[in-house]
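Peer 1: coordinates only, sequence not included:
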């Protein structure tokens, strides 16, 4: 007999959930028993925020993320991670336990209850594509289907609340196979939009493409690559969409960030006489704090649910449909466009450490860029590391993750946990600053607990350097930890992790070599640099923001 | 010239905010500069949840707590702590930075934004007595006054959002002195309610009093003590209100928890022919999972905003006014009531460690109860420790803190930070289980950073023992940390903390002695016990809940 929990878990599994991240609590233990019995593996983290970040990263890497938490204390603790997934379109199913329905009906004061019994549901409506409280075995299947379908369709989190008494109630069987997902393009609108875009692009002398986040979320790498191959147009990505298309492509320009980016990514995108943006968002980050010079009159902006050509819109045109139809429609693209040859990101041919040279941020990233393996997944936290990591050469698709818009520091360590489960075939390498590291360090213990072996590189500049460059004050100081020693305290057997503190180029090179060879355990490399040393791009960003502040 | 930020900080300071806990982020840096310049000291924590718990504990100890965070990633990360304060009536002012108003007006996609610009405000409306977004220098003073007054009046958190461009805008001066707080009793209703209650109580043969949380929140210890002294009635507290009145009082019965409590606290409260509850709530925790046998027909329930006598209500009767008026009204209380002599909680006269005896939970609490100094503030986390800590003898008022209703594990370590700043004259001692410890360990680093010297006692039973007793499964396992060694990784100078691992009674006794003498630094004592060892009360609770589950 099918129960509500088995129905839900079947739907989650069909949708691509292989692992669920969570923290136990009494209102969710019955449901957790059902997870343990299901094909979905339950991964227990130290706290709920970490479970949320792990589920988010898991979802970004091709499947759907899932998190399981208890009511109130659990649900409200994971909120920020769910909000991040909502902001950056990460598909994630959050299941929260809840008190017995009888208690809700009577309005009893149960522990973990902060307001009324609909408060948590109401809060999650703000950051999900669908939020449901299961109340009845007759309606639960439809509620579950609607929520999971919304997660798949919209690539956004959904919230499902299951009171303890509903877990084992019987309900109808799920249909065979995964949930049908509705097609979303109106064929006439699609046809008209593509025809108009094709004409503008065919007439352009210097078209260019900005590949955005939605290309990753809707798994359109191949379709976009086909378009780029056929046309020979140069293209850039945004921070959020880095590695949506391979960076080894000869027409790859780099990551565009408005006035914060320099070189071909900046010049070719801004000088295009027709710019095609695919699934990109014009956020303050994408536009370099709105320093971008992009003219709507020369732009075709295609997003998951609409197309804007110059100043008019088409509704009900799906991004994937548009890309495929445009590729078909484009014939006779001027062949000289293929002659474009911007400088793509490259791996430095060699890195020769200067003996005893104290490490600098610039040399740190040169060393890492040289050393990185193409197969690794780079997970960058927020802070100066994201500026450096953005310029790393990543020739394989889907080998870079960062919260390039929501920018919640502390994301990277728990995200590595999600990445290690989603892609066990790739080694994860985390770039994290000291400030971000202090947010969520216990994720290291969870990685060790489950035998995962990422490499965690802590760029320790003794404080929040990104804020120092923008707006300094005493609040930008941190307690200096022994970052490379922390993993030792997270274990009792002494064998599952290794830590190295490096201060010179030679020490870093040696530590990286050892880390690459040490594949059976987690490695922490703490790289100490000067307090005000930073990437070139952060120096530019800081100057820009200080100039803005001075204007006021 | 007064600015919006100086107005707000003046009001906060007048209301009792001496310290504000927070994490910097770009939308709040301008405001943080103003905090740094103000009489309010800014304490920076590793993450926002920790700041929230610290502010909550600070607020519980007599003043008003305050937290300062950035928008989105900060605001949503602190939500669970604010919800806990809301659930348990903790006065707390949360100030969140926000993007420039211009960006909000234009709907720009700014980093840290997860939905629309009103989302964070809407979310906080659920867990605050007042939530305001400052939008204009003309209206800001009134908005601030309304929010701070609500915090003082209702003893609940309030939310104030300040966009970066409003921080330094000029506004009117605050009036002299603190905000007027409106009186709340209707004198006719008060008079009638007190007369009715006095008559019922005077006629009773075995009256008793249950002192609840609101007595602490509204600082009514003296008024309630006067009532108890005059009448000689026996009284109990709840977990949340432990130490609201001194436990050295000869008529103190202990902590009442319905059927989970035994002895005089249980018997005298349940056998009272007239039970007067003062500021108590009938939650699942207070009532021992609704195992309490309390008859509304024999009850006078006085709360902060209403009085219930048997089955009818009086509105607009304030708890403090009622207690004072009742004390005056009661004349000629039968003198034999003074003969009540229940067994109060006591400090064990001695604790003689059995040589080489492995530590048990029972003996652990006996040792701690014997060793505890009256002046210390006990901060208990959730887990089996709260059952044990509840029975510790605490003769001084306001020397026990725990989230006895919202029950968010991980509360205690950050709460100790708040307690150390609120009451620097008292040493804080934290009781925390291993599961709770793993939620928020980085608070230890913040305690060390600010030179605080609490004693952290980790009761390590290798897993979530409270859940093992209720409902066991593989999710109740934890990665075993070296808890006593962790503090070493949180420092680079090696001098600011000390850790001890103890497994026997003798080792515990020795470690406690050293900890008492080591007053200049933080001490972590990790006490290892067997995996299924627990307090007697948890064993009863577990049995009760398993019986309930078997009935279904």
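Peer 2: Ah, there it is. Just so it is clear, the model here is predicted, and its values are computed rather than measured. Residues are numbered from 1 along each chain as shown, chains lettered A, B, ... in the order given.

Peer 1: can you map out the strands along the stretch 301-450 of chain A?
Peer 2: Secondary structure of the stretch 301-450 of chain A (DSSP state E, counting those that start in this stretch): strands at A:306-309, A:312-315, A:377-380, A:400-401, A:428-433.

Peer 1: Chain B is nearest to which of those strands?
Peer 2: When these are compared for distance to chain B using C-beta to the nearest C-beta, the nearest one is strand A:428-433, at 12.9 Å. All C-beta atoms are positioned from the backbone trio N, CA, C, and that covers glycine.

Peer 1: State the paired neighbours of the closest one in the sheet, together with their directions.
Peer 2: In the sheet containing strand A:428-433, its partner strands are strand A:377-380 (parallel), strand A:455-460 (parallel), by DSSP bridges.

Peer 1: With mean pLDDT and mean neighbour count added, can I get those strands in JSON lines?
Peer 2: Shown next, in JSON lines, are those (pLDDT from 0 to 100; neighbours: other C-beta atoms under 10 Å in any protein chain shown):
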{"stretch": "strand A:377-380", "mean pLDDT": "98", "mean neighbour count": "27"}
{"stretch": "strand A:455-460", "mean pLDDT": "98", "mean neighbour count": "27"}
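
Peer 1: List the residues that contact the closest residue to residue A:223 other than its chain neighbours.
Peer 2: Excluding its sequence neighbours, the residue lying closest to residue A:223 (C-beta to C-beta, 6 or more residues apart in numbering or on different chains) is residue A:323, at 4.6 Å. If a contact means C-beta atoms under 8 Å, 6 or more residues apart in numbering or on different chains, then residue A:323 has A:220, A:223, A:224, A:227, A:278, A:302 as its contacts.

Peer 1: Which of those has the largest number of neighbours?
Peer 2: With neighbours taken as other C-beta atoms under 10 Å in any protein chain shown, the top of those is residue A:278, carrying 30 neighbours.

Peer 1: how does chain A divide up, domain by domain?
Peer 2: Following the assignment in automatic domain parsing, chain A carries domains at A:4-166, A:187-339, A:361-547.

Peer 1: and the stretch 151-300 of chain A, which residues reach chain B?
Peer 2: The stretch 151-300 of chain A comes close to chain B at residues A:281, A:282, A:283, A:284, A:285, A:290, as judged by C-beta under 8 Å from any C-beta of the partner chain.

Peer 1: Chain B: which of these is nearest?
Peer 2: Within the set of those, residue A:283 lies nearest chain B; the separation is 4.0 Å, counting by C-beta to the nearest C-beta.

Peer 1: Would you confirm that that closest one contacts residue B:107?
Peer 2: No. With contact taken as C-beta atoms under 8 Å, residue A:283 and residue B:107 are classed as non-touching, separated by 11.8 Å.

Peer 1: which of those two has more neighbours?
Peer 2: Set side by side, residue A:283 and residue B:107 give different neighbour counts by other C-beta under 10 Å, the larger being at residue A:283 (23 against 10).

Peer 1: If we ignore the residues flanking it in sequence, what's nearest the more buried one?
Peer 2: That would be residue B:109: by C-beta to C-beta, 6+ apart, it lies 4.0 Å from residue A:283.

Peer 1: how far away is the one you found from residue A:287?
Peer 2: Relative to residue A:287, residue B:109 is positioned 9 Å away (C-beta to C-beta, to the nearest Å).

Peer 1: out of those two, which sits in the more crowded spot?
Peer 2: Counted by other C-beta under 10 Å, residue B:109 and residue A:287 do not tie: residue A:287 has more neighbours, with 21 against 16.

Peer 1: Quick one: residues contacting that one.
Peer 2: Shown here is residue A:287, whose contacts under the criterion C-beta under 8 Å, 6+ apart are A:257, A:258, A:294.

Peer 1: thinking again about what came up before, narrow the residues of the stretch 151-300 of chain A next to chain B to those in strands?
Peer 2: Taking DSSP state E, every one of those sits outside strands.

Peer 1: pLDDT and distance to residue A:468 for these - can I get that in JSON lines?
Peer 2: Formatted as JSON lines, these follow (pLDDT from 0 to 100; distance: C-beta to C-beta, whole Å):
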{"residue": "A:281", "pLDDT": "96", "distance to residue A:468": "28"}
{"residue": "A:282", "pLDDT": "95", "distance to residue A:468": "28"}
{"residue": "A:283", "pLDDT": "95", "distance to residue A:468": "23"}
{"residue": "A:284", "pLDDT": "94", "distance to residue A:468": "20"}
{"residue": "A:285", "pLDDT": "93", "distance to residue A:468": "19"}
{"residue": "A:290", "pLDDT": "92", "distance to residue A:468": "23"}
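
Peer 1: Now the buried members of these.
Peer 2: Buried residues within these, counting neighbours by 16 or more other C-beta atoms under 10 Å in any protein chain shown: A:281, A:282, A:283, A:284, A:285.

Peer 1: ok, now how distant is the first one from residue A:238?
Peer 2: Taken as C-beta to C-beta, the spacing of residue A:281 relative to residue A:238 amounts to 8 Å.

Peer 1: swap in the fourth one?
Peer 2: If you measure residue A:284 against residue A:238 using C-beta to C-beta, the figure is 12 Å.

Peer 1: which neighbours do the two share?
Peer 2: Taking C-beta under 8 Å, 6+ apart as the contact definition, residue A:284 and residue A:238 share no neighbouring residue.

Peer 1: Now list whatever residues contact both of residue A:281 and residue A:238.
Peer 2: Residues touching both residue A:281 and residue A:238 by C-beta under 8 Å, 6+ apart: A:212, A:213.

Peer 1: So what does the residue in chain A sticking out farthest from the centre have for phi and psi?
Peer 2: Of all residues in chain A, the one whose C-alpha sits farthest from the chain's mean C-alpha position, using C-alpha atoms, centre = their mean, is residue A:106 at 41.5 Å. Main-chain torsions, residue A:106, degrees, to the nearest 10: phi -90, psi -10.

Peer 1: just residue A:4 next, same as before
Peer 2: Residue A:4 adopts backbone torsions of phi -60, psi -40, taken as degrees, to the nearest 10.

Peer 1: ok, now residue A:476?
Peer 2: Geometry field for residue A:476 lists phi and psi as phi -90, psi 0, criterion degrees, to the nearest 10.

Peer 1: Is there a neighbour count for it? I'd like the number.
Peer 2: 22.
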